[in-house]
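Student: everything below, folded, please.
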Amino acid sequence: MSSHEDSIDSKEVKVEDPVAVADEQALSQYTFTETKKILRRNLDSNIVSYVKTINTGKSTNILKQLHMTTDQYGYLSTVFTCTFLAFEVPSNLILKWSTPRLHFCRIIFFWSVAACCHAAATNKGGLYAARAFLGVFEAGLFPGILVQMTFWYRPDELAIRMAMINVLGQFSNILDALIAYGLAYIDGRHGLSGWQWAFIIVGCIGFVLTGIIFLFLPDYPDSPQGHRQFLTPQEGKFIVDRLPPTSPRQSDANFNWDDVKAACKDPLLYGFSLIMLCQQTGIAGYTFWLPSIIAGYGFTTTTNAQLLNIPPAAIYIISALGFAWISDHTFKIPRPVYMLVSLVVLIGTFIGLTVCRNNAGLLTLILLTAIPYAIYQTMIYPWRSQSTKGSAYASFAFAFQNSVGQIASIFAAQIFQSKYAPRYTIPYIVCIIFFALALLAVLFTWYFSHDIEKENRRQAKERRLVGKVDNIVVV
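Tutor: Now for the predicted structure:
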């Protein structure tokens, strides 16, 4: 770094060759410290797992009211996923055309309508239908969030922010557990069972969120200030100019077939998709049935057992934020290494779940499982974002990858059939096999992205070092 120490007479130091994308005058307006301040300013699918355990054994339990068996209830995940898969990629491809704000408003509003409709079901057919529509309307939500974040942040800045998205998902688990716990005590009010109230409440929360997004969510860093923008025009231009040349931008075409074709020819698309499919097959059924698994340990009443779902979510939150911060601030360890280690640890914890016969030990293993799962979720999308090329490529790649991963939800819930309860030895073994396959998929994908990932870490390390030492913005 002696060349940086010898003479730096401007606020810009180039550590890569970005094909003349950045406006040097805009970049030179902000110091490294000011940049961090600007970036800091950018800062239900679960409820169905919980309602099954509300008022277990009573006539108002959802299984009794809708005349369903436990295995039939597991098909809710399958029905949701089938329609979700059909609409995931098309939904995400129109994000740029509709703008992120309207994209998310559309999804969350109609999702809320479908969630409330669950409460009107009088038989399993009605519940399946509501679940199918929920899959249609939710398609494009998560990959849309990932795509919009790439309009704002560099790949080496995404881990902590994507971790915060996953953390909000875990907060929803905590909220769902609390709702399920509380609704057991108002069961029957106004002629509605506790499970019906659960769907109505989460739907109403969605309506409120739709209004907040419509009023306040900015689309892009350089959106006009009249469009809910909280950055000045200079700050917005600066955020865009500091992005890598391959990052999505507002100036990109709304849709580009060439980008989609390029994504389809990229082996990384299939590598990351395979990682998602194998890992999700190993974890999706487990997470879907986790409230029932914990309740089956018999520590307390079924109602109070809902609260035991909170510690795993809390551990996930702490782990995700902690390792995301480490990943975004230290650059010696490649993100694929984090993922490989997390999969090895997952295999270990699931081996423990397979052989352990002590309920306290099983609950401890469930708590420990949250740590590697959080690490995996935190690392995969920032790693993937390093190799996206434009908004259409990113929209298609994130949606396709997420769709392939969600294929697991069609059958993963059926792996944990009731005949294996309460120990689920065979399902845990199946999960271990797919974690091992995911590990091989990570190695395959790392082989094709090794140079990109290494160069990204090198640039990020140098940018941070120069910024901290000299307080200058680097490109």
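Student: hmm, who's touching stretch 77-91?
Tutor: By CB atoms under 8 Å, 6 or more residues apart in numbering, the list of residues contacting stretch 77-91 from outside reads 45, 48, 103, 107, 128, 131-136, 138-140, 143-144, 284, 288, 396, 399-400, 402-403, 406-407, 409-414. In this view, the C-beta of every residue, glycine as well, is placed from N, C-alpha and C.
Student: buried residues in that stretch?
Tutor: 77-85, 87-89, 91 (16 or more other CB atoms under 10 Å).
Student: report the rounded mean pLDDT for it.
Tutor: Throughout stretch 77-91, pLDDT has a mean value of 90.
Student: selecting buried members of the contacts of stretch 77-91 in ChimeraX, what would you type?
Tutor: The following ChimeraX selection, which keeps only the buried ones among the contacts of stretch 77-91, applies the criterion 16+ other CB under 10 Å:
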select :45,48,103,107,128,131,132,133,134,135,136,138,139,140,143,144,284,288,396,399,400,402,403,406,407,409,410,411,412,413
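Student: now, the contacts of stretch 77-91 that are in helices?
Tutor: Secondary structure assignment (DSSP state H) places 48, 103, 107, 128, 131-136, 138, 143-144, 284, 288, 396, 399-400, 402-403, 406, 409-414 from the contacts of stretch 77-91 within helices.
Student: separation between M339 and E453?
Tutor: Per CB to CB, to the nearest Å, M339 is found 11 Å from E453.
Student: and F84, by the same measure?
Tutor: Relative to E453, F84 is positioned 30 Å away (CB to CB).
Student: T122 belongs to a helix?
Tutor: No - assignment of T122 by DSSP: H, G, I helix; E, B strand; the rest coil gives coil, placing it outside any helix.
Student: now do the contacts for it.
Tutor: Residues touching T122, when contacts are defined by CB under 8 Å, 6+ apart, comprise L66.
Student: so for it, what's the pLDDT?
Tutor: Among the per-residue scores, T122 shows a pLDDT of 90.
Student: ok, F199 next?
Tutor: Spelled out, the predicted local distance difference test score at F199 is 88.
Student: and it, what helix or strand is that in?
Tutor: Element membership of F199, judged by DSSP states H and E, is helix 194-216.
Student: pull out the buried positions in that helix.
Tutor: By 16+ other CB under 10 Å, the buried positions in helix 194-216 come out as 194-203, 205-206, 209-210, 213.
Student: can you pull out the low-pLDDT segments for the stretch 151-300 of the chain?
Tutor: Applying pLDDT under 70 to the stretch 151-300 of the chain picks out residues 173, 177, 180, 184, 186-188, 226-228, 298-300.
Student: just the helices in it please.
Tutor: Per DSSP state H, counting those that start in this stretch, the stretch 151-300 of the chain carries helices over the ranges 158-183, 194-216, 233-241, 257-265, 267-295.
Student: now find how far off-centre the longest one is within its chain.
Tutor: Between the centre of helix 267-295 and the centre of its host chain there is 12 Å, according to CA atoms, centre = their mean, to the nearest Å.
Student: buried residues in it?
Tutor: Buried residues in helix 267-295, counted by 16+ other CB under 10 Å: 268-295.
Student: most centrally placed residue in this protein?
Tutor: For the chain, the residue lying nearest the average C-alpha position, counting by CA atoms, centre = their mean, turns out to be N166 (4.8 Å).
Student: what sits against that residue?
Tutor: Taking CB under 8 Å, 6+ apart as the definition, contacts of N166 comprise 316, 320, 374, 377-378.
Student: that older thread, output the helices of the stretch 151-300 of the chain in TSV, with distance to L443 appended to each entry.
Tutor: Putting the helices of the stretch 151-300 of the chain into TSV (distance: least, CB to CB, whole Å) gives the following:
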stretch	distance to L443
helix 158-183	21
helix 194-216	39
helix 233-241	35
helix 257-265	21
helix 267-295	10
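Student: looking at those, spot the one closest to R335.
Tutor: Each of the helices of the stretch 151-300 of the chain was checked against R335 via CB to CB, and the shortest separation belongs to helix 158-183, namely 7.8 Å.
Student: give the buried residues for that closest one.
Tutor: The neighbour-count criterion (16+ other CB under 10 Å) identifies 158-167, 169-170, 172-177, 179-183 as the buried residues of helix 158-183.
Student: how far away is Q148 from P221?
Tutor: Using CB to CB, one obtains 10 Å as the distance from Q148 to P221.
Student: residues contacting I200?
Tutor: Residues in contact with I200 (CB under 8 Å, 6+ apart) are 116, 119, 192.
Student: apologies, that question was intended for L192.
Tutor: The neighbourhood of L192, defined by CB under 8 Å, 6+ apart, consists of 119, 200.
Student: now it: how far from Y128?
Tutor: In this structure, L192 and Y128 are 20 Å apart, going by CB to CB.
Student: if we only consider the buried residues of helix 194-216, which is nearest to Q234?
Tutor: For Q234, the closest of those turns out to be I213, at 25.8 Å, with distances computed as CB to CB.
Student: and the closest one, what does it touch?
Tutor: With contact taken as CB under 8 Å, 6+ apart, I213 is in contact with 101, 104-105, 108.
Student: again, but for N123
Tutor: Taking CB under 8 Å, 6+ apart as the definition of contact, the neighbours of N123 are 66-67.
Student: over to C105?
Tutor: Contact criterion CB under 8 Å, 6+ apart gives 210, 213-214 as the residues in contact with C105.
Student: ok, R457 touching F331?
Tutor: Yes - in this structure R457 lies within contact range of F331 using CB atoms under 8 Å: 4.3 Å.
Student: helices or strands up against the longest helix along the chain?
Tutor: Across the chain, the helix with the greatest residue count (assigned by DSSP H) is helix 425-470. Helix 425-470 is packed against helix 2-6, helix 32-40, helix 267-295, helix 335-355, helix 408-415, strand 473-474, with contacts defined by 3 or more CB pairs under 8 Å, 6 or more residues apart in numbering; DSSP states H and E.
Student: make it 7 Å
Tutor: Packed against helix 425-470 by the contact rule (3 or more CB pairs under 7 Å, 6 or more residues apart in numbering; DSSP states H and E) you find helix 267-295, helix 335-355, strand 473-474.
Student: next, the angle from it to helix 408-415.
Tutor: Using axes from the mean of the first three to the mean of the last three CA atoms, to 10 degrees, the direction of helix 425-470 lies 140 degrees away from that of helix 408-415.
Student: what about helix 425-470, average pLDDT?
Tutor: Mean pLDDT, helix 425-470: 88.
Student: and the contacts of I213, which is closest to F444?
Tutor: Lowest distance from F444 to the contacts of I213 (CB to CB) belongs to F104, with 33.2 Å.
Student: and that closest one, what does it touch?
Tutor: Taking CB atoms under 7 Å, 6 or more residues apart in numbering as the definition of contact, the neighbours of F104 are 144, 213, 217.
Student: that one and W111: what is the separation?
Tutor: Summarising the geometry, the distance separating F104 from W111, computed by CB to CB, is 10 Å.
Student: what's the neighbour count on the nearest residue to L93 once chain neighbours are set aside?
Tutor: Taking CB to CB, 6 or more residues apart in numbering as the measure, L93 lies nearest to S395, with 5.4 Å between them; neighbours along the chain are not counted. Other residues near S395 come to 32 when the count uses other CB atoms under 10 Å.
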